[in-house]
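Participant: kindly return the folded structure for what I paste below:
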Amino acid sequence: MPTPWGNFYMSAYADDPSDPMPHIALVHESADTDAPVLTRIHSECMTGDLFSSKRCDCGEQLHRALELAAERGGAVIYLRQEGRGIGIINKLKAYNLQDDGLNTADANAHLGLPIDSRHYDLAEEILLDLGIESIHLLTNNPLKIKAMQASKVKVASRVPLIIEAGKENEFYLKTKADLMGHLF
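Facilitator: Have a look, this model is predicted:
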């Protein structure tokens, strides 16, 4: 699949072939699976990825990850777990609470939802299916690092994915660092 960043092979993963919302793997045409592959495991963020919301850094992270994957022969695993696993409707409810002053973590808690309910076992399965057994993990999320280190995929290194904060997402990024331990 040709993209603005380069040519990628695209694969879809679902338990049921008729699933309209499968997980997606994009592997750059120059990826060498015999060596550690620069890999971004990206959780869906419709508002950021699709509509370029400035409220978060998700869309910018996805685009930067695709750019780096093209430069370094990498991969992007796109997991369908919107809103840290709470779904788009609850995410929009959380946005309303954030507009009233709550941070992203407190908004989820106020709704009776986990702060982060994402899982990365599917990323492990996808990577192994692709023949990728060792990765340079492109992330700032310590939970993702821990999950992948506990998997059968070897994490050769962690590569930071830093997006410059703007006025619209500065509080969000500070919350991710202060409350969730993200490494910026």
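Participant: ok, then the element right after whichever helix or strand residue 90 is part of?
Facilitator: Residue 90 belongs to helix 88-99 when assigned by DSSP states H and E. Past helix 88-99, further along toward the C-terminus, the next helix or strand under DSSP H and E is helix 104-110.
Participant: state whether residue 8 is indeed within a helix.
Facilitator: No: remark: residue 8 does not belong to a helix; assigned using DSSP: H, G, I helix; E, B strand; the rest coil, it is strand.
Participant: does the residue nearest the centre of the chain count as helix, strand or coil?
Facilitator: The chain has residue 42 as the residue nearest its centroid, 1.9 Å off, counting by CA atoms, centre = their mean. Put simply, residue 42 is strand when judged by three-state DSSP.
Participant: what's the burial count for residue 61?
Facilitator: When counting by other CB atoms under 10 Å, one arrives at 21 neighbours for residue 61. Quick note: C-beta positions are derived from backbone N, CA and C, even for glycine.
Participant: hmm, residue 162 and it touching each other?
Facilitator: No: taking contacts as CB atoms under 8 Å, residue 61 lies outside contact range of residue 162: 9.2 Å.
Participant: about what we covered before: alpha carbons only: can I get the helix holding residue 90 in CSV?
Facilitator: Only the C-alpha atoms of helix 88-99 are listed here, as CSV (Å, rounded to 0.1, in the frame of the first residue of the first chain):
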residue,chain,number,x,y,z
ILE,A,88,-15.6,6.2,21.4
ILE,A,89,-18.9,6.9,23.1
ASN,A,90,-17.3,6.7,26.6
LYS,A,91,-14.3,8.7,25.3
LEU,A,92,-16.7,11.5,24.2
LYS,A,93,-18.3,11.4,27.7
ALA,A,94,-14.8,11.7,29.2
TYR,A,95,-14.1,14.6,26.9
ASN,A,96,-17.1,16.4,28.3
LEU,A,97,-15.8,15.9,31.9
GLN,A,98,-12.4,17.1,30.8
ASP,A,99,-14.0,20.3,29.5
